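1. Based on what follows, work out the 3D shape:
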Amino acid sequence: MANTQIKKAKITSERVKPTKGRPEVDAAGRDLFLKQVTSGLLEGHLTQGQALKELRLKVLNLKQEQYASMVGVSRKVLSQIENDKGNFSFSIINKVFRPVGLQVGIIPRHQDVLRDALLTPSNKYNLKD
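-> Numbering: from 1, shown residues only. Here you go, the predicted model:
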């Protein structure tokens with residue numbers, strides 16, 4: 001396995017500021033962190049706002065102003081999303097998550113159903129009929 005900057009990332013909601021001195025994370029580290037954040041979202045341990053903030057700061061190392069400009073929303077809108085405030089369209093949410101490889105989707109509300117669905121091969125059911 002490649003040597004990565006992030007071996008087991010600690011995902012928290014504590015305040016982390018972007019810094020110029022933070023070391024660059026390699027591709028394997030970014031992939032690992034993205035998987036961990038995605039798991040946190042699917043398991044209900046992270047909100048979408050917390051996930052976006054974690055990815056913006058720890059993977060992209062961008063300030064809100066920089067990220068907002070990059071994705072084409074205002075800093076205020078980005079702040080509201082990261083703080084789980086407001087009611088934004090799927091289009092806006094997809095726009096802010098696109099650079100980190102995520103999009104809005106439909107998932108089961110109950111964790112046991114989600115777990116079972118992820119473990120069940122889709123070809124088991126004749127979905128094309």
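2. From the centroid of the chain, which residue is nearest?
-> Among the residues of the chain, the one closest to the centroid is Ala51, at 4.3 Å (CA atoms, centre = their mean).
3. For it, give me its contacts.
-> 37-38, 40-41, 102 (CB atoms under 8 Å, 6 or more residues apart in numbering). In this view, the C-beta of every residue, glycine as well, is placed from N, C-alpha and C.
4. Which of the helices or strands spans it?
-> If you go by DSSP states H and E, Ala51 is part of helix 48-55.
5. quick one: which of the contacts of Ala51 sit in strands?
-> Residues from these lying in strands, with DSSP state E as the criterion: none.
6. Narrow these to those in helices?
-> Of the positions in these, 37-38, 40-41 sit in helices, assigned by DSSP state H.
7. ok, of those residues, which one's closest to Thr120?
-> In terms of CB to CB, no member of those lies closer to Thr120 than Thr38, at 18.8 Å.
8. which of the contacts of Ala51 sit farthest apart?
-> Greatest spatial distance in the contacts of Ala51: Gly40 and Leu102, 11.8 Å, computed using CB to CB.
9. Provide a list of residue ranges in this protein with pLDDT below threshold.
-> Applying pLDDT under 70 to the chain flags the ranges 1-24, 123-129.
10. how does it look with 50?
-> Within the chain, the ranges that satisfy pLDDT under 50 run 1-14.
11. all helices in the protein, in order from the N-terminus.
-> All helices of the chain, identified by DSSP H, fall at 27-42, 48-55, 64-71, 75-82, 90-97, 111-119.
12. between the last one and helix 27-42, what angle do the directions make?
-> If you take axes from the mean of the first three to the mean of the last three CA atoms, to 10 degrees, helix 111-119 sits at 140 degrees to helix 27-42.
13. Cool, thanks, signing off.
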